[in-house]
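Peer 1: Fold the following and give me the result.
(one chain, ligands or ions: 1)
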Amino acid sequence: MTVRVAINGFGTIGKRVADAVDAQDDMEIVGVTKTGPSFGCDLAVKKGFPLFCTFDSAERISAFSDAGYDCQGGLSDLLSIVDVVVDCSPGKMGAENLSKYRAAGVKYLFQGGEKHALTGRSFTSSANYSENLGAEGTRVVSCNTTGLSRTLVPLFDHCGELKVECTMIRRAADPGDSAKGPINAIKPVLKVPSHHGPDVMTVKPEIEINSLAVAVPTTIMHVHAIIADLPEGHGLSTESIIEMWKSTPRVIVMSGVENRITTTAEVMELARDIGRKWGDLHEIFVWQDGVSLQGNRLYYFQAIHQESDVIPENVDAIRALMNIESNWQTSVAKTDAAIDAYYGL
Ligand code: NAD
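Peer 2: Here you go, the predicted structure:
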């Protein structure tokens, strides 16, 4: 079976998910939507992804042909020929879109800009893949929550109990975004705790976690400063935790001092060397020399490439919804190998 996939919203996340789906042999891109003609349509044309309009209005559809693009129809036309839609619209548009997906009878996947309540389900590959098997729809949690889940879930699985406090040091805007800030200030998120930590509990409710967040003037990566209290008798050491993460899928552990990779700038340079399109880094980056277990209290830093860590997660979530692979590790390995092959890595 080849799963037929629509991407609704071919922006930062949508274009990346489209490539990652295109890389797989068990799913295919049947169409992507744009709200109107713009430079982003050229990428869809270049990739051979059929182009549809986000809306059904004849006027908006004909605006594409007026600008020289071959538009195959509106969202309803696209939904009528797919099994699952990946909603990559800007956050908070979910409720309106969800009613369209339900009316069309297709499965749906939302992103972290939507609330858990929209779908009543959330997803990360390592935390709760099996709970999403065959579901009607789910939400891939945000880049920050995905990052927290990647390193905390294996720790929780070892310890059976975990209490976490963390601070999200967030990039102000994506590189292609000229509308957000701050550009010369540090801006605390005055909703305390921030939503990031508690959002982990939508995929792993057993982890007790709270967070604070600040936005800083950078476009490359978020950094997390994490403190985790492990239960008595955990049997771990700083070294064994590092080894655990080294064998965890989609986590990279490197020494800041020895590898001369002490800031997010060098981490992103490493990502460009890896060679995925857009210089993406699907893995969570942990600084080995920033990990320290003192008694039962673990301290560590990690960096998140906000535009891309959720991308392989979306592919796994499609497999879970379509119930075509029951084992999360098998799906993760298949997703990642196919993406590597796609980019010739
Ligand atoms: P984006 O603004 O780059 O792209 C959104 C796309 O959706 C644009 O092409 C826009 O024209 C289109 N769109 C507008 N209205 C629409 C509608 N009603 N229906 C469908 N499409 C519509 O946004 P993004 O950064 O790709 O974010 C998409 C989702 O992914 C959000 O929920 C966001 O919170 C989440 N997310 C973003 C990042 C990130 O760093 N960019 C990381 C993880 C998750």
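Peer 1: Residue 69 versus the closest residue to the ligand within the chain, what's the distance?
Peer 2: Distances between the chain and the ligand by C-beta to the nearest ligand atom are smallest at residue 11, namely 1.9 Å. In short, each C-beta sits where N, CA and C put it, glycine included. Residue 11 sits at a distance of 16 Å from residue 69 (criterion: C-beta to C-beta, to the nearest Å).
Peer 1: ok, back up a step: not counting its neighbours along the chain, what's nearest the residue of the chain closest to the ligand?
Peer 2: residue 88 (6.2 Å; C-beta to C-beta, 6 or more residues apart in numbering).
Peer 1: Assign residue 214 to helix, strand or coil.
Peer 2: Assigned by DSSP: H, G, I helix; E, B strand; the rest coil, the conformation of residue 214 is strand.
Peer 1: so what's it up against?
Peer 2: Residues near residue 214 by C-beta atoms under 8 Å, 6 or more residues apart in numbering: 167, 168, 169, 170, 186, 187, 188, 189.
Peer 1: For the stretch 51-200 of the chain, what lies in contact range of the ligand?
Peer 2: With C-beta under 6 Å from any ligand atom as the criterion, the stretch 51-200 of the chain meets the ligand at residues 54, 88-91, 93, 97, 111-114, 142-143, 174.
Peer 1: The residue nearest to residue 11: neighbour count?
Peer 2: Using other C-beta atoms under 10 Å, residue 88 has 25 other residues around it.
Peer 1: can you give me the helices in the stretch 1-150 of the chain?
Peer 2: Along the stretch 1-150 of the chain, the stretches classed as helices by DSSP state H, counting those that start in this stretch are 12-22, 39-47, 58-66, 75-79, 94-104, 116-119, 125-128, 143-159.
Peer 1: I'd like the ones you listed as CSV, with mean neighbour count, distance to residue 199 and mean pLDDT appended.
Peer 2: Output for those, formatted as CSV (neighbours: other C-beta atoms under 10 Å; distance: least, C-beta to C-beta, whole Å; pLDDT from 0 to 100):
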stretch, mean neighbour count, distance to residue 199, mean pLDDT
helix 12-22, 24, 17, 98
helix 39-47, 14, 28, 98
helix 58-66, 14, 34, 97
helix 75-79, 20, 28, 98
helix 94-104, 15, 15, 96
helix 116-119, 17, 7, 97
helix 125-128, 25, 11, 98
helix 143-159, 24, 4, 98
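Peer 1: can you redo those helices as CSV with distance to residue 283?
Peer 2: What follows is the helices of the stretch 1-150 of the chain, written out as CSV (distance: least, C-beta to C-beta, whole Å):
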stretch, distance to residue 283
helix 12-22, 14
helix 39-47, 24
helix 58-66, 37
helix 75-79, 32
helix 94-104, 28
helix 116-119, 25
helix 125-128, 13
helix 143-159, 8
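Peer 1: Go through those helices and name the closest to residue 288.
Peer 2: Across the helices of the stretch 1-150 of the chain, residue 288 has its closest neighbour in helix 143-159 (12.6 Å, C-beta to C-beta).
Peer 1: So which elements touch the closest one?
Peer 2: helix 125-128, strand 163-171, helix 196-200, strand 222-229, helix 238-246, strand 284-287, strand 297-304 (3 or more C-beta pairs under 8 Å, 6 or more residues apart in numbering; DSSP states H and E).
Peer 1: List the buried residues of the third one.
Peer 2: By neighbour count, and taking 16 or more other C-beta atoms under 10 Å as the criterion, the buried residues in helix 196-200 are 196, 197, 199, 200.
Peer 1: Setting aside sequence-adjacent positions, which residue approaches residue 265 most closely?
Peer 2: Here the residue nearest residue 265, using C-beta to C-beta, 6+ apart, is residue 220, at 6.6 Å.
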